[in-house]
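here's my sequence, what's the structure:
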Amino acid sequence: MQTNTGGFSMRRTFLTLLGGMTAFAILTASYATADLPEPATQNGNPLIVVD
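Predicted coordinates:
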């Protein structure tokens, strides 16, 4: 008699990997489309702010 625990374990592993890859894809896409701040340089010269 064979139990079906191996199938459930494989399914859980597959769904865990799929969920991890989905979360990584969402984080990567949100970082790639984020509005990053502009660098504080103009014409290659550093912008110096004096108080």
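
so where is the chain shaky, pLDDT-wise?
For the chain, the stretches with pLDDT under 70 are 1-7, 36, 38-47, 51.

helices of that one, start to end?
Listed from the start of the chain, the chain has helices (DSSP state H) covering 5-32.

what about A23, how many residues close to it?
Around A23 there are 10 other residues, counting by other CB atoms under 10 Å. Where you see a C-beta, it was placed from the backbone N, CA and C, and this is true even at glycine.

now do stretch 9-16: everything it contacts.
Outside of stretch 9-16, not a single residue reaches it under the criterion CB atoms under 8 Å, 6 or more residues apart in numbering.

in CSV, list the C-alpha atoms belonging to that stretch.
Taking Å, rounded to 0.1, in the frame of the first residue of the first chain, the C-alpha atoms of stretch 9-16 are listed here in CSV:
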residue,chain,number,x,y,z
SER,A,9,5.0,17.4,-0.6
MET,A,10,5.9,17.9,-4.3
ARG,A,11,2.9,20.1,-4.9
ARG,A,12,3.8,22.2,-1.8
THR,A,13,7.4,22.6,-3.0
PHE,A,14,6.2,23.6,-6.4
LEU,A,15,3.7,26.1,-5.1
THR,A,16,6.3,27.6,-2.7
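
list the buried residues of it.
By neighbour count, and taking 16 or more other CB atoms under 10 Å as the criterion, stretch 9-16 has no buried residues at all.

can you pull the contacts of P37?
Contacts for P37 were tallied using CB under 8 Å, 6+ apart; there are none.

and S9, how far is that from T22?
In this structure, S9 lies at 20 Å from T22, with CB to CB, to the nearest Å as the measure.
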